[in-house]
Structures are given as structure tokens and as C-alpha cells.
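**Student:** the following block contains a protein sequence and its predicted model.
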Amino acid sequence: MARPEAVLLDVGGVFLLPEHERIAGAFSRAEHPVAVATLDDAHYAAALRFGVDLDAEADWAGCWRAYLEGYAEFCGVPAELLEEVHRHLDSEFADAALWYREAPGCREGLAALAATGVRLGIVSNADGMIGERLRTREILQVGPGIGVEVDCVIDSGAVGVMKPDPRIFQLALDAMGVEAERAWYVGDMPGIDVVGARRAGLRPFVVDPLGLHTEAGYERVASLRELADVVQAA
């Protein structure tokens, strides 16, 4: 395994997760209360449903429905409430600002990754504000600052192209002056992140803290800290 020159990172599922209170509220409105302690795990379980066999560009609605159904089923929603839960969840997830809960361990993992000396960048499907959210939380920023320094933040809401379209990855590579074969990409949803990274020629990894992607045809890590170990060993 060749050591990468650059590692590009997703934001959702890597640094930020859906806010517990808003998601719990959606379930309550659908008359199926949930324990907030299960909600981070629900995201990663649902992400497994957004598999590489799905065509997100041709059928985004169908792919997103598969994710929300996986989310609801992980939370024990009975069949007769699935449609109602889906409706309320979909309403919350329509707001990109929902992704504001810090993923446990992401700061320490990012620091470990930066300590390897590899160059870092962000590629995210968001609303044009993801760089500001990460900077405000002092997680990372372009250039010097309180957080970890990265070379670029490529936000689909700002550039007008979304994963899995390979052009969004190319924007990051061009900004960094790095060739695709010298870059890795780390995300959480295979049908968006693995598919898109492969189309762009990057080596994909999926963040899989629950160890669910057991039959995956792609590489996975439990955390950014584990990824840092993989980079260091390459």
C-alpha cells in the first residue's frame, strides 16, 4: 500500500452527526419515542443501506429512502409506523444544519492524521456553509487557525456539483495540486463516497465504527485515529 500524499475527508459521519434533540423530536411526533443514546449508531447502520449497488445520480430519492428506512428500522419502528416516521425524519434531514453534533473522537483522530504529515482536504455534500461550521467549532479551517489546518474545503452547495459526481473530487485535487492516484478519500456512505471516489480515481475508505460492512468490497476503518495508523504504516 503506497503512502498517500493527500487524504480528503467527508464531514457527515466523519466529523458531524445529526443533532439528537431534533431527531428524537421527529420520532416523538411520529409517536415512536427513541433513546437518544442509539441515534449515532442508527446513522452508521442506515449508511450501510446506501450501498455501492445503488445509483444515487439516477435515483437519489430511492437511495435516500433506503437510508431513512434503515435508520427507522434500527430504532425499532414497527411496519405500521414506517411511513409516518419516514415523513418526519425526511423533514429534519432536509436541513443541512441538522448535522451539527460532533462525532465522538473526531478531533483526536484528525490531530493524529495531521501528525502523519499527510495533506488534508474536505469534500462534502452540504449547503455552502460546512467550512464555516467546522471553523466556528474550531475543528479545522483552511490555512492557519485554532483547528487543524487543511488545504481546501469543497462544499457541494458552494461549487454546484455533488458526490458521487467525480468532478467534486477533482476540484479538491486541483486545488491541492495532487494527482488522484496519490489521494485517499474517507466517507461514511458507500453509494456516495466509495462510488464517487472510485470514479475520480481516489482510494476510498468507509468509516465503520460498528463493524457492519463485513462483506464490503472496499476498505474501512473504525475511526480517523485508525486511519492515521494506516497512513503511518503505508
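**Tutor:** Yep, that arrived. Residues are numbered from 1 along each chain as shown.
**Student:** neighbours of residue 83, how many?
**Tutor:** Counted by other C-beta atoms under 10 Å, the residues lying close to residue 83 total 11. Heads up, the C-betas are built off the backbone N, CA and C, glycines and all.
**Student:** just checking, what packs against the helix or strand that contains it?
**Tutor:** Using DSSP states H and E, residue 83 falls within helix 82-93. Applying 3 or more C-beta pairs under 8 Å, 6 or more residues apart in numbering; DSSP states H and E, one finds that helix 82-93 contacts helix 20-29, helix 60-74.
**Student:** need the next SSE after the host helix or strand of residue 197, C-terminal direction.
**Tutor:** In the assignment (DSSP H and E), residue 197 maps to helix 195-200. Downstream of helix 195-200, the next assigned helix or strand under DSSP H and E is strand 203-207.
**Student:** packing partners of that following strand?
**Tutor:** strand 183-187, helix 195-200, strand 219-221, helix 224-233.
**Student:** can you list the ones you listed in JSON lines and add distance to residue 59 and mean neighbour count?
**Tutor:** As requested, the helices and strands packed on strand 203-207 are arranged in JSON lines below (distance: least, C-beta to C-beta, whole Å; neighbours: other C-beta atoms under 10 Å):
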{"stretch": "strand 183-187", "distance to residue 59": "19", "mean neighbour count": "25"}
{"stretch": "helix 195-200", "distance to residue 59": "13", "mean neighbour count": "23"}
{"stretch": "strand 219-221", "distance to residue 59": "25", "mean neighbour count": "19"}
{"stretch": "helix 224-233", "distance to residue 59": "30", "mean neighbour count": "18"}
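**Student:** identify whichever of these lies nearest to residue 25.
**Tutor:** Nearest to residue 25 among these is strand 183-187 (27.0 Å), distances taken as C-beta to C-beta.
**Student:** packing partners of the closest one?
**Tutor:** Strand 183-187 packs on strand 6-9, helix 195-200, strand 203-207, helix 224-233, going by 3+ C-beta pairs under 8 Å, 6+ apart.
**Student:** Serialize the ones you listed to CSV and add fields for mean pLDDT and distance to residue 74.
**Tutor:** Shown next, in CSV, are the helices and strands packed on strand 183-187 (pLDDT from 0 to 100; distance: least, C-beta to C-beta, whole Å):
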stretch, mean pLDDT, distance to residue 74
strand 6-9, 98, 25
helix 195-200, 97, 23
strand 203-207, 98, 17
helix 224-233, 98, 23
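**Student:** next, the residue of the chain most remote from its centre: secondary structure please.
**Tutor:** Taking C-alpha atoms, centre = their mean, the residue of the chain most remote from its mean C-alpha position is residue 80, at 30.0 Å. Three-state call for residue 80 (DSSP: H, G, I helix; E, B strand; the rest coil): helix.
**Student:** next one: the helix or strand hosting residue 175 to chain centre, how far?
**Tutor:** Here residue 175, judged by DSSP H and E, is contained in helix 166-176. Put simply, helix 166-176 sits 17 Å off its chain's centre (C-alpha atoms, centre = their mean, to the nearest Å).
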